[in-house]
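**Student:** Structure here, sequence nowhere to be found:
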């Protein structure tokens, strides 16, 4: 079946909000609307469970159970064990803590590979390990296409490399990297893999176990949920890393990389993301919830991607026809996420500002992808225009975007 966009939009209160009427959301790469299922759980928690969780009295017990439910159900969708999922205030913060742990684990002479395709959150913290005499090797993108060539990684791998950090897809270039292939190469080289999934996960939560990633991170606020960073830390690396939490929590895997207490309400509300996936699955199949969670998640992800490819095709075709702009990343919608970035003579922020009165909410700037833009010969201060959409975007909104772009460009 094809995705039922009308049903999808009915799950998002933003589309019923009068103050947003006439505004088409094309800055989803920066943060998505929250689905009703998440909002309902968050509201209920603040009304009925806003106490310290895990005690015997009823509101506390229920609050703790909801937090556990979020971890359990999201882990099942991603094909990993429940305690391999950690929550933190953001993916940036999760990465920073993780980098501190690797700094303690690794020794002088060890090497870490990073890319210049990444958002700075999955680049900067690792590069700072150079201060501990850990060698930092950069896996460079192709300056014309923005692609990360596999041969470039192979040339960097040797027995000194202990960690390879790369994105599932860039928030600028948006090409979907072959994660399973890369993780296999890294594993065969005796190193760990850390995948930044922030820009990919909004288009379908992945089966992390099938990808073979040791670490996979994404942001709930970009996957229709609350402002939390979600990190899958597979048991092998999770137990090998030095504990960053309280010493008495060292035996609990999901607490080892969370030195601060979690946001109870937002963790609990994250179960609404699983509710949403299950509701989409039930609506689009006659199997209801009979299939395993990882299969339900894969089915919904395929629906999302199929629909998004349809939406992206006319936008990419339109931009390819414009000699006045440079499209960053692939022109084939199958090869990329629907996060579409273009550069023109007009600064990116100015283009976004020109679109705003036309009811198009888009973004201009460098998107924390400074290294990526510089590698492609783009001045980050000049910036680019980014239009990003997801499966709740309607075809009518795409038409509206194309008309507005035609006027602005």
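**Tutor:** Yep, that arrived. Since this is a predicted model, take the numbers as computed values, not measurements. Numbering: from 1, shown residues only.
**Student:** mind listing the helices for the stretch 1-150 of the chain?
**Tutor:** Using DSSP state H, counting those that start in this stretch, the helices of the stretch 1-150 of the chain run over residues 5-10, 36-48, 58-77, 91-105, 124-127, 150-156.
**Student:** So which elements touch the shortest one?
**Tutor:** Packing partners of helix 124-127 (3 or more C-beta pairs under 8 Å, 6 or more residues apart in numbering; DSSP states H and E): helix 91-105, strand 111-115. Where you see a C-beta, it was placed from the backbone N, CA and C, and this is true even at glycine.
**Student:** among the helices of the stretch 1-150 of the chain, which is nearest residue 379?
**Tutor:** helix 124-127 (19.8 Å; C-beta to C-beta).
**Student:** and the helices and strands packed on helix 124-127 as JSON lines, adding mean pLDDT?
**Tutor:** Shown next, in JSON lines, are these (pLDDT from 0 to 100):
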{"stretch": "helix 91-105", "mean pLDDT": "97"}
{"stretch": "strand 111-115", "mean pLDDT": "98"}
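**Student:** So which of those is the most surrounded?
**Tutor:** strand 111-115 (a mean of 24; mean count of other C-beta atoms under 10 Å).
**Student:** where's it relative to the chain centroid, distance-wise?
**Tutor:** 20 Å (C-alpha atoms, centre = their mean, to the nearest Å).
**Student:** Of all the helices of the stretch 1-150 of the chain, which one is nearest residue 303?
**Tutor:** Among the helices of the stretch 1-150 of the chain, the nearest to residue 303 by C-beta to C-beta is helix 5-10 (9.3 Å).
**Student:** Which secondary structure elements does the helix of greatest length in the chain sit against?
**Tutor:** Scanning the chain for the longest helix, with DSSP state H as the assignment, gives helix 293-320. On a contact count with 3+ C-beta pairs under 8 Å, 6+ apart, helix 293-320 meets helix 58-77, helix 271-284, strand 326-328, strand 339-343, helix 395-408.
**Student:** if you average pLDDT over the longest one, what comes out?
**Tutor:** Right, the one you point to is helix 58-77. The pLDDT scores in helix 58-77 average 98.
**Student:** give me the number of residues near residue 271?
**Tutor:** 23 (other C-beta atoms under 10 Å).
**Student:** cool, and residue 47?
**Tutor:** 8.
**Student:** show me the contacts for residue 231.
**Tutor:** By C-beta atoms under 8 Å, 6 or more residues apart in numbering, the contact set of residue 231 is 85-88, 91, 94, 98, 215-217, 257.
**Student:** I'd like to know which of those are part of strands.
**Tutor:** Using DSSP state E, the members of the contacts of residue 231 that fall in strands are 85-88, 215-217.
**Student:** Can I get those in a markdown table including neighbour count and distance to residue 374?
**Tutor:** Output for the ones in strands among the contacts of residue 231, formatted as a markdown table (neighbours: other C-beta atoms under 10 Å; distance: C-beta to C-beta, whole Å):
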| residue | neighbour count | distance to residue 374 |
| --- | --- | --- |
| 85 | 24 | 35 |
| 86 | 24 | 32 |
| 87 | 23 | 33 |
| 88 | 24 | 29 |
| 215 | 26 | 26 |
| 216 | 30 | 27 |
| 217 | 27 | 24 |
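**Student:** could I get those residues as a markdown table with pLDDT?
**Tutor:** Below are those laid out as a markdown table (pLDDT from 0 to 100):
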| residue | pLDDT |
| --- | --- |
| 85 | 98 |
| 86 | 97 |
| 87 | 97 |
| 88 | 96 |
| 215 | 98 |
| 216 | 98 |
| 217 | 98 |
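**Student:** Let me see the ranges of the strands in the stretch 101-250 of the chain.
**Tutor:** 111-115, 135-139, 161-167, 192-196, 215-219, 229-233 (DSSP state E, counting those that start in this stretch).
**Student:** Residue 152: which of these is closest?
**Tutor:** strand 135-139 (5.5 Å).
**Student:** and for that closest one, what are the contacting residues?
**Tutor:** By C-beta under 8 Å, 6+ apart, the list of residues contacting strand 135-139 reads 109-116, 126-127, 129-130, 148, 152-153, 156, 160-161, 164, 166.
**Student:** In it, which residues are buried?
**Tutor:** For strand 135-139, the neighbour count (16 or more other C-beta atoms under 10 Å) marks 135, 137, 139 as buried.
**Student:** do stretch 210-222 as well
**Tutor:** So for stretch 210-222, counting by 16+ other C-beta under 10 Å, buried means 211-222.
**Student:** Over to stretch 53-62?
**Tutor:** Those would be 53, 60, 62, for stretch 53-62 by 16+ other C-beta under 10 Å.
**Student:** ok, for the last one, nearest residue in space, not its chain neighbours?
**Tutor:** Spelled out, that is residue 62. Ranked by C-beta to C-beta, 6 or more residues apart in numbering and with sequence neighbours excluded, the top spatial neighbour of residue 62 is residue 49, at 5.7 Å.
**Student:** how far away is the residue nearest the centre of the chain from residue 229?
**Tutor:** In the chain, the centroid-proximal residue (C-alpha atoms, centre = their mean) is residue 198; its distance is 1.5 Å. Distance from residue 198 to residue 229, counting by C-beta to C-beta, to the nearest Å: 9 Å.
**Student:** Mind listing the shared neighbours of those two?
**Tutor:** 91, 217-219.
**Student:** From those residues, pick the one nearest residue 9.
**Tutor:** residue 219 (21.9 Å).
**Student:** ok, that closest one - contacts?
**Tutor:** Residue 219 neighbours (C-beta under 8 Å, 6+ apart): 90-91, 198, 201, 227-230.
**Student:** ok, residue 407 touching residue 357?
**Tutor:** No. In this structure, residue 407 is not within contact of residue 357 by C-beta atoms under 8 Å, at 10.5 Å.
**Student:** Can I get the buried part of the contacts of strand 135-139 as one ChimeraX selection?
**Tutor:** Remark: buried members of these, expressed as a ChimeraX selection using 16+ other C-beta under 10 Å:
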select :110,111,112,113,114,115,116,126,127,129,148,152,153,156,160,161,164,166
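**Student:** Surely residue 199 and residue 168 touch.
**Tutor:** Yes. Counting by C-beta under 8 Å, residue 168 is a contact partner of residue 199 at 6.9 Å.
**Student:** Show me which of these two is the more surrounded one.
**Tutor:** Remark: of residue 199 and residue 168, residue 199 carries more neighbours, 27 against 24, as counted by other C-beta under 10 Å.
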